[in-house]
Every structure is written in structure tokens, then in C-alpha cells.
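S.K.: I would like the atomic coordinates for the input below:
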Amino acid sequence: MLLAIALVVLGPERLPDVLRTAGKVMRELRAASNTVMRELTDVLEEQPPSIRPARPALPETTKPSEPTAKT
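M.R.: Below is the predicted model:
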């Protein structure tokens with residue numbers, strides 16, 4: 001659906017260039033994101049265990065309450 005709208009708005013001459021540019025931008029963003037994640041992981045692994053942030057605790061499971069007897 002989006003492709004059809006883009007074809008009408010941009011026309012068949014400009015659409016391939018716009019899609020190519022969008023693909024390049026997406027690749028660059030993904031590469032930048034991977035670089036940041038890799039650097040953060042490296043920094044966190046180098047820290048001593050006492051400085052590392054704790055993992056969030058999982059919520060405790062609660063037992064279902066017993067039904068109360070109606071009087």
C-alpha cells in the first residue's frame with residue numbers, strides 16, 4: 001500500500017532513487033546502532049562485578065488467594 005502511494009506521489013522516475021537512498025540510510029543507522037551496542041557491551045564487561053549494574057529482578061509470583069466462604 002505504501003509503495004503504491006509513494007509511486008503516485010513521487011512518480012516512477014524518482015521512486016527508485018528515493019528507495020535507494022532510504023536503504024542506504026537504514027544500513028548506516030543499523031551499523032551505527034551495532035557499533036554503540038558493541039561498545040557498551042565491551043565497557044560493561046570490563047567493569048568489576050561490584051560496579052556492574054544489577055539485572056532487574058523478576059517479579060515474584062504470588063499465590064492465588066483462597067476463595068473466601070460467604071456466610
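
S.K.: Could you tell me the average pLDDT over stretch 6-18, please?
M.R.: Stretch 6-18 shows a mean pLDDT of 89.

S.K.: same thing with stretch 41-56?
M.R.: 72.

S.K.: And the helices in the protein?
M.R.: Assigned by DSSP state H, the helices in the chain fall at 2-46.

S.K.: what's in contact with stretch 16-28?
M.R.: 6, 10 (CB atoms under 8 Å, 6 or more residues apart in numbering). For every residue, glycine as well, the C-beta is placed using N, CA and C.

S.K.: Sorry, wrong one. I was asking about stretch 31-42.
M.R.: For stretch 31-42, there are no surrounding residues in contact (CB under 8 Å, 6+ apart).

S.K.: number of nearby residues for residue 18?
M.R.: 13 (other CB atoms under 10 Å).

S.K.: Please read the previous query as pertaining to residue 29.
M.R.: 10.

S.K.: Pull the contacting residues for it.
M.R.: Contacts of residue 29 (CB under 8 Å, 6+ apart): none.

S.K.: Since that was my last question, I'll sign off now.
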